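A.B. asks: just need the structure, nothing else, for what follows:
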Amino acid sequence: MAPLSVAAGAVAASCLAAAVSTLGVGPRAAPLLSATESLSRNLYAVGNPLSTGSLAVPDGYSVYWEEHGRRDGAPALFLHGGPGAGCARRHAGFFDPSHYRVILHDQRGCGKSGPKGSTIANETPRLVADIEALRVHMGIERWACVLGGSWGTTLALEYALAHPDRVSSIVVRAVSHSLSHTARLAVIGPRP
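C.D. replies: So this is what the prediction gives:
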């Protein structure tokens, strides 16, 4: 595993690279759009999931997941906001379904994951461990893209810092305004 300063730099570089393209991340990335154009841009069409399931994780929780796009596509993970929110199928529409294998998952206590609304043993390190367990369960070597929205931005950064060898890029949208330790590390780097 890379030292934290290298990992934080890599995460910050991924954020910067993502900021200069739209959510069509990857070889077919579209040029940067203005704020008005971005707001009016339609998401990709989303049909029924390829598969769904529930993965048992420690502490009596199960995390719900859905798979969209191409089974052989570049693996992409969407991390929803909170508190207590879950994924909606429309979130798969951030990704081009002809290119990506999109995994949506509801975090502990959220959406279709159980037990619903529980906050016991529901801390960030456990959520990060759940994402890693889901990656292994889905047979994914490395996420081509991790996209986080709102609280999901913090979780994406935490995951990338904990598992830098498992993330190729991250995209953050609707960034939370709190400057957590993780966000400070990703944006500024570790303190001397």
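A.B. asks: ok, how many other residues are close to residue 85?
C.D. replies: 16 (other Cβ atoms under 10 Å). Any C-beta I mention is one placed from the backbone N, CA and C, and that applies to glycine too.
A.B. asks: now do the SS call for the nearest residue to residue 153 once chain neighbours are set aside.
C.D. replies: Of all residues not flanking residue 153 in the chain, residue 172 sits nearest, at 4.0 Å (Cβ to Cβ, 6 or more residues apart in numbering). State at residue 172, reduced to three classes by DSSP: H, G, I helix; E, B strand; the rest coil: strand.
A.B. asks: was I right to think residue 172 contacts residue 155?
C.D. replies: No - look at residue 172 against residue 155 with Cβ atoms under 8 Å: they stay out of range, at 10.2 Å.
A.B. asks: could you give the mean pLDDT of the top strand by length along the chain?
C.D. replies: Longest strand in the chain by number of residues (criterion: DSSP state E): strand 61-69. Taken as a whole, strand 61-69 has a mean pLDDT of 98.
A.B. asks: then stretch 115-126?
C.D. replies: In this model, stretch 115-126 has an average pLDDT of 93.
A.B. asks: for stretch 50-57, same thing?
C.D. replies: Stretch 50-57 comes out at a mean pLDDT of 98.
A.B. asks: buried stuff in that stretch?
C.D. replies: Within stretch 50-57, the residues scored as buried using 16 or more other Cβ atoms under 10 Å are 55, 57.
A.B. asks: ok, residues contacting that stretch?
C.D. replies: For stretch 50-57, the external contacting residues (Cβ atoms under 8 Å, 6 or more residues apart in numbering) are 62-69, 71, 108, 112-114, 126, 129-130, 133-134, 137.
A.B. asks: list residues touching both of residue 172 and residue 155?
C.D. replies: residue 148.
A.B. asks: picking that back up, separation between the residue nearest to residue 153 and residue 160?
C.D. replies: 10 Å (Cβ to Cβ, to the nearest Å).
A.B. asks: those two: which has the busier surroundings?
C.D. replies: Between residue 172 and residue 160, residue 160 has the larger neighbour count (other Cβ under 10 Å), namely 27 against 24.
A.B. asks: any idea how far residue 168 is from the more buried one?
C.D. replies: Relative to residue 168, and taking Cβ to Cβ, residue 160 is found at 10 Å.
A.B. asks: same deal with residue 152?
C.D. replies: Per Cβ to Cβ, residue 152 is found 17 Å from residue 168.
A.B. asks: comparing the two, which residue is more hemmed in?
C.D. replies: Taking residue 152 and residue 168 together and counting by other Cβ under 10 Å, residue 152 has the greater number of neighbours (27 against 18).
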